[in-house]
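Visitor: Got a sequence here, can you build the structure:
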Amino acid sequence: MKYFNNSFDLDYITTPVVVFQVIVIKGAVMLSFKKLPLSLSILLSSTFVSGASLHNPKIEHQPKDGVVTVFGPGGPHTALIRAGKAFQKKTGTKVEVVFGPEYKWTEDAQKTADIIFGSSEQSMTAFTENYKFFDEKDVEPIYIRPAVIIVKEGNPKKITGFKDLLKPGMKVVVTEGKGVYNTSGTGVWEDIAGRLGKLEDVKKLRPNIVSYEKGSGASFRAFKEKEADAWITWAHWALNNADKTDYVEIEPERRIYRDMNIAISTKADKEATKFAEFLKSKEALKIFESEGWKK
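Guide: Take a look at the predicted model:
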């Protein structure tokens with residue numbers, strides 16, 4: 001079995017040189033630069049605007065190659081890799097799991113994906129925009145997991161629950177797509193903070209957030225590099241990094257869950273359906289349960 005690690009995000013460096021005005025004209029975008037000696041206007045197709053679809057209509061989807069190829073975000077990939085190995089041992093069918101930021105694998109997925117997996121419903125719904133070989137009705141939720149609070153090893157701040165993150169001076173990292181990045185962490189911190197319907201809780205948390213990171217991999221790095229006290233994330237990140245961190249459960253009345261889901265290409269290898277069924281088996285359940293997932 002093969003798997004490919006595309007989990008590292010690019011480091012974006014932005015150096016503003018000019019100030020520009022954005023004008024929409026008949027579905028296109030006009031950028032009018034104001035600080036250049038001569039007024040310069042660049043007409044851009046709206047497909048280049050951040051958040052636009054990654055779908056490439058020129059790519060032909062041909063997944064039938066005798067290998068079950070699975071694409072999706074980092075996080076669920078660890079359990080999927082283990083399940084793929086178990087399936088391969090049992091059936092002899094190769095399983096390849098490709099994971100990480102979507103932009104790194106999207107073209108390969110459009111060519112060869114048998115299965116796309118998502119780490120939340122909103123994340124998978126976004127995938128339906130880019131992968132035209134399945135749609136919303138084909139998506140099947142198979143496991144679910146809770147958000148937790150990752151803390152430094154030994155829990156030096158003695159954090160016992162989310163309420164402690166509201167104390168002045170706490171340093172908290174959250175995962176957030178910011179409207180341009182597909183991640184299951186989008187809005188989770190807000191859901192938890194506002195769960196009791198108290199605006200004051202959101203107000204208390206916001207000044208304690210030291211980093212809003214696009215993706216869980218970037219969030220984990222920020223948690224370490226900024227020496228944060230806490231990172232709001234998913235149980236499997238805590239369990240898969242138990243040698244480096246500890247974690248604290250979120251109070252039941254605030255706890256948020258997101259599911260893992262799959263969708264099979266209409267042109268997939270026939271073995272892809274068998275692998276999907278295996279993922280729902282008792283054997284696979286044990287693997288996923290060991291990483292914080294449940295049915």
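
Visitor: Going by C-alpha atoms from here, please, whenever you check contacts or count neighbours.
Guide: Will do.

Visitor: Check the offset of stretch 144-158 from the chain's centre.
Guide: 19 Å (C-alpha atoms, centre = their mean, to the nearest Å).

Visitor: Let me fix that, I meant to ask about stretch 269-288.
Guide: Per C-alpha atoms, centre = their mean, the centroid offset for stretch 269-288 relative to its chain is 22 Å.

Visitor: can you check stretch 121-138 too?
Guide: So, by C-alpha atoms, centre = their mean, the centroid of stretch 121-138 is 14 Å from its chain's centroid.

Visitor: and Ser281, how many neighbours?
Guide: Ser281: 11 surrounding residues under other C-alpha atoms under 10 Å.

Visitor: whoops, Val151 was the one
Guide: 25.

Visitor: who does it bridge with?
Guide: Beta-bridge pairing for Val151 (DSSP bridges): Ala230, Asp246.

Visitor: ok, it touching Asp246?
Guide: Yes - when contacts are counted by C-alpha atoms under 8 Å, Val151 is listed as touching Asp246 (5.3 Å).

Visitor: Show the average pLDDT along stretch 223-237.
Guide: Mean per-residue pLDDT for stretch 223-237: 95.

Visitor: What residues of that stretch count as buried?
Guide: Neighbour counts over stretch 223-237 (16 or more other C-alpha atoms under 10 Å) mark Phe223, Lys224, Ala228, Asp229, Ala230, Trp231, Ile232, Thr233, Trp234, Ala235, His236, Trp237 as buried.

Visitor: Glu291 is in what secondary structure piece?
Guide: Element membership of Glu291, judged by DSSP states H and E, is empty: it is in no helix or strand.

Visitor: ok, now which ones touch it?
Guide: Contacts for Glu291 (C-alpha atoms under 8 Å, 6 or more residues apart in numbering) come out as Ala79, Ala235, His236, Leu239, Asn240.

Visitor: quick check, Val210 in a strand?
Guide: Yes - Val210: assigned to a strand according to DSSP: H, G, I helix; E, B strand; the rest coil.

Visitor: which ones are touching it?
Guide: Lys171, Val172, Val173, Ala228.

Visitor: Tally up the residues packed near the nearest residue to the last one once chain neighbours are set aside, please.
Guide: If the residues on either side of it in the chain are set aside, Ala228 comes closest to Lys171, at 4.9 Å by C-alpha to C-alpha, 6 or more residues apart in numbering. Here the number of neighbours of Lys171 (other C-alpha under 10 Å) works out to 21.

Visitor: Identify the residues contacting Lys171.
Guide: Per C-alpha under 8 Å, 6+ apart, neighbours of Lys171: Leu165, Asn208, Ile209, Val210, Ala228, Asp229, Ala230.

Visitor: Show me where the protein has its strands.
Guide: 2-5, 20-25, 28-33, 40-44, 68-72, 95-99, 115-118, 140-152, 172-175, 209-213, 230-234, 245-249, 257-264 (DSSP state E).

Visitor: What helices and strands are in contact with the longest one?
Guide: Spelled out, that is strand 140-152. strand 230-234, helix 235-239, strand 245-249, strand 257-264 (3 or more C-alpha pairs under 8 Å, 6 or more residues apart in numbering; DSSP states H and E).

Visitor: Which stretch among the ones you listed approaches Tyr181 most closely?
Guide: Nearest to Tyr181 among those is strand 230-234; the distance by C-alpha to C-alpha comes to 16.2 Å.

Visitor: Which other helices and strands does that closest one contact?
Guide: Strand 230-234 packs on strand 140-152, strand 172-175, helix 216-225, going by 3+ C-alpha pairs under 8 Å, 6+ apart.

Visitor: Report the inter-axis angle for that strand versus strand 140-152.
Guide: 160 degrees (axes from the mean of the first three to the mean of the last three C-alpha atoms, to 10 degrees).

Visitor: Using CSV, write out every CA atom in strand 230-234.
Guide: C-alpha atoms of strand 230-234 as CSV (Å, rounded to 0.1, in the frame of the first residue of the first chain):
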residue,chain,number,x,y,z
ALA,A,230,-4.3,25.6,23.9
TRP,A,231,-5.4,24.6,20.4
ILE,A,232,-9.0,23.8,19.6
THR,A,233,-9.0,20.8,17.3
TRP,A,234,-10.1,17.2,16.8
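
Visitor: if we can go back for a sec, give me whichever of the helices and strands packed on strand 230-234 is most buried.
Guide: strand 172-175 (a mean of 26; mean count of other C-alpha atoms under 10 Å).

Visitor: Tell me the strands beside it, with direction?
Guide: strand 209-213 (parallel), strand 230-234 (parallel).

Visitor: is it possible to export the helices and strands packed on strand 230-234 to JSON lines including distance to Lys94?
Guide: Converted to JSON lines, the helices and strands packed on strand 230-234 look like this (distance: least, C-alpha to C-alpha, whole Å):
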{"stretch": "strand 140-152", "distance to Lys94": "21"}
{"stretch": "strand 172-175", "distance to Lys94": "33"}
{"stretch": "helix 216-225", "distance to Lys94": "27"}
